[in-house]
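Chemist: Sequence below, structure please.
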Amino acid sequence: MSLRLKLVLALVLLAAFSTIAIGVSTYIATADQLRSNIEASLAAAAMADTVVGPDHDHAGPRPRNETPSLDLGVSSQTIAADGTPLTPQTGGLPVSDADRAVAAATEADVRITHDVEVDGVTYRVLTVSTGDADQDGNGGARMYARSLAETNKLLEDIRTRTAAAVAIVIAVAALLGWLFARQATRRLERLTGVAEEVATTGRLDVEVPVAGHDEAGRLGIAFNEMLGALARSKDAQQRLVQDAGHELRTPLTSLRTNVAVLQRYDSLRPEDRGRLITDLDSETQELTALVNELVDLATDRHDGEPDQEVALGPIVERVADRARRRTGREIRLDVDGSVVTGRPQALERAISNLVDNATKFSADAAEPIDVSLVAGRIEVSDRGPGIAPQDLAHVFDRFYRALDARSRPGSGLGLAIVSDVVVAHGGRTFVANRDGGGATVGFVLPLARTLTIP
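Modeler: As a prediction, the model looks like this:
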């Protein structure tokens, strides 16, 4: 069942239920009111007979004078204590056992009401005892009756009109519900068509209908943004694959060349053999590092690491100690108690890449590398050749390597990984040439809080 049909059925059922509920409640209230009015008229007729008392002979029947009950549309008859009618009328009222019991009562004003049918017409009957029954048959009761034909006709009229109203309301609700459901689902159907087209063709440049500020409109906007993000991700993946293929060709070509030379290993001089083995070892290490960085950049292996509060100072100190042991370089630190929210391993990788980059471009091993951490801002400064002005805007691009750096080891992915980590943590990167020579590269992250360092 389609969403449109479900909406139509829901509106029709709601309208039908509301109309039926109103009709039934109106019918019950009207029936109760009409029955109350009839019983009130019967009671009024009995009261009028009591006020306008008849002349009577104790030993005989009790003739009744004309009473106001006739003006109320009420018929009446008198019955003796044994239930025999004393003032029968044409088509007189039938006397039931309950009426005889009231007529035989010794108390006055004993009452009973019930319905009887005379010649196909239903009457409401009120029987009231006179309260002077004795062994001689004196006493009796007065019966008052009013036809329910008019009331029943009115109630039947109400039932007919209610049924007609329900039918009309259902028809109108179905029409309006269809129009409403069509308007409400039209954009959803267009979005569904777009989604099916994307799933079938794989195209991400499909035009998405965006209109309105309701849920459907917001869904269209969100769907459009999602397709845009997927398109950007696809473009980035394609660029990464193309750039990776380009970068991998160089070490693979070199490896093939060295392997070809290795086939003539027995004819090589010992010193040539040593250089060949050294070249192969260096190239395989370079290729391994490039593949590892590609995997990190393409998949972000730290995605499963939960965000938490991270003190950057201990991470900087750990990275600096590792760099000192590996390179023998002097790493000077100036750190505070900055705490950020993020992933510790990813942040350590980013800081480590900055320090590795600085050690690679500081040719003089005697020159120190300065690492500063102040209020979430990390700066790593070297004393190398610096960065050409035309290269400053590209140092964080994937596979980008300045002309004077292409002879050095590296893949051009280290700072790109730094940029990805920093952006994922809501920060920004920066680069500048250092006064006195060298370069300063770093990033800024939003602070969670600052620890006090003793």
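Chemist: In contact with residue 425, which residues are there?
Modeler: With contact taken as Cβ atoms under 8 Å, 6 or more residues apart in numbering, residue 425 is in contact with 340, 341, 342, 343, 346, 347, 445, 446. The way it works is simple: take the backbone N, C-alpha and C, and place the C-beta from them, glycine included.
Chemist: Find the pair from those with maximum spatial separation.
Modeler: 346 and 446 (15.3 Å; Cβ to Cβ).
Chemist: The two: who's more crowded?
Modeler: When residue 346 and residue 446 are compared on other Cβ atoms under 10 Å, the one with more neighbours turns out to be residue 346, at 22 against 12.
Chemist: immediately after the helix or strand where that one lies, which helix or strand?
Modeler: For residue 346, the enclosing helix or strand under DSSP states H and E is helix 344-361. Later in the chain than helix 344-361, the nearest helix or strand by DSSP H and E is strand 369-374.
Chemist: That following strand pairs with which strands?
Modeler: Taking DSSP bridges as the criterion, strand 369-374 pairs within the sheet with strand 331-335 (parallel), strand 377-381 (antiparallel).
Chemist: Kindly reformat those strands as a markdown table and extend each row with distance to residue 2 and mean neighbour count.
Modeler: Shown next, in a markdown table, are the strands paired with strand 369-374 (distance: least, Cβ to Cβ, whole Å; neighbours: other Cβ atoms under 10 Å):
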| stretch | distance to residue 2 | mean neighbour count |
| --- | --- | --- |
| strand 331-335 | 63 | 15 |
| strand 377-381 | 57 | 22 |
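Chemist: For the residue lying closest to residue 255 once chain neighbours are set aside, the count of nearby residues, please.
Modeler: Ranked by Cβ to Cβ, 6 or more residues apart in numbering and with sequence neighbours excluded, the top spatial neighbour of residue 255 is residue 283, at 5.4 Å. For residue 283, the neighbour count with other Cβ under 10 Å is 18.
Chemist: next structured bit after the helix or strand residue 283 falls within?
Modeler: Secondary-structure element containing residue 283, defined by DSSP H and E: helix 270-299. Using DSSP H and E, the helix or strand that follows helix 270-299 in sequence is strand 308-311.
Chemist: quick one, strands of the chain?
Modeler: Listed in chain order, the strands of the chain (DSSP state E) span 75-79, 111-118, 121-129, 141-147, 308-311, 331-335, 337-342, 369-374, 377-381, 428-433, 439-444, 447-451.
Chemist: which of these sits most buried?
Modeler: Per residue and on average, the most neighbours among the strands of the chain fall to strand 141-147, with a mean of 25 (mean count of other Cβ atoms under 10 Å).
Chemist: and the closest residue to residue 441 other than its chain neighbours, what pLDDT?
Modeler: Nearest residue to residue 441, sequence neighbours excluded (Cβ to Cβ, 6+ apart): residue 431, at 4.9 Å. At residue 431, the model reports a pLDDT of 92.
Chemist: Residue 431 against residue 392, yeah?
Modeler: Yes. Between residue 431 and residue 392 there is a contact at 5.8 Å, judged by Cβ atoms under 8 Å.
Chemist: returning to that earlier point: determine the set of other helices and strands touching the helix holding residue 283.
Modeler: Packed against helix 270-299 by the contact rule (3 or more Cβ pairs under 8 Å, 6 or more residues apart in numbering; DSSP states H and E) you find helix 215-262, helix 414-424.
Chemist: Export the ones you listed as JSON lines, with columns for mean neighbour count and mean pLDDT.
Modeler: What follows is the helices and strands packed on helix 270-299, written out as JSON lines (neighbours: other Cβ atoms under 10 Å; pLDDT from 0 to 100):
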{"stretch": "helix 215-262", "mean neighbour count": "14", "mean pLDDT": "74"}
{"stretch": "helix 414-424", "mean neighbour count": "21", "mean pLDDT": "85"}
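Chemist: With distance to residue 37 added, can I get the ones you listed in a markdown table?
Modeler: Written out in a markdown table, the entries for those read as follows (distance: least, Cβ to Cβ, whole Å):
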| stretch | distance to residue 37 |
| --- | --- |
| helix 215-262 | 53 |
| helix 414-424 | 80 |
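Chemist: Compare these and give me the one nearest residue 85.
Modeler: Taking Cβ to Cβ as the criterion, residue 85 comes closest to helix 215-262 out of the helices and strands packed on helix 270-299, the separation being 76.1 Å.
Chemist: The nearest residue to residue 30 once chain neighbours are set aside and residue 24, how far apart?
Modeler: The shortest distance from residue 30 to any residue other than its chain neighbours is 6.0 Å, reached at residue 158 (Cβ to Cβ, 6+ apart). Using Cβ to Cβ, to the nearest Å, residue 158 is found at 10 Å from residue 24.
Chemist: When the two are compared, which one has more neighbours?
Modeler: For the pair residue 158 and residue 24, the greater number of neighbours falls to residue 158 (16 against 12), based on other Cβ under 10 Å.
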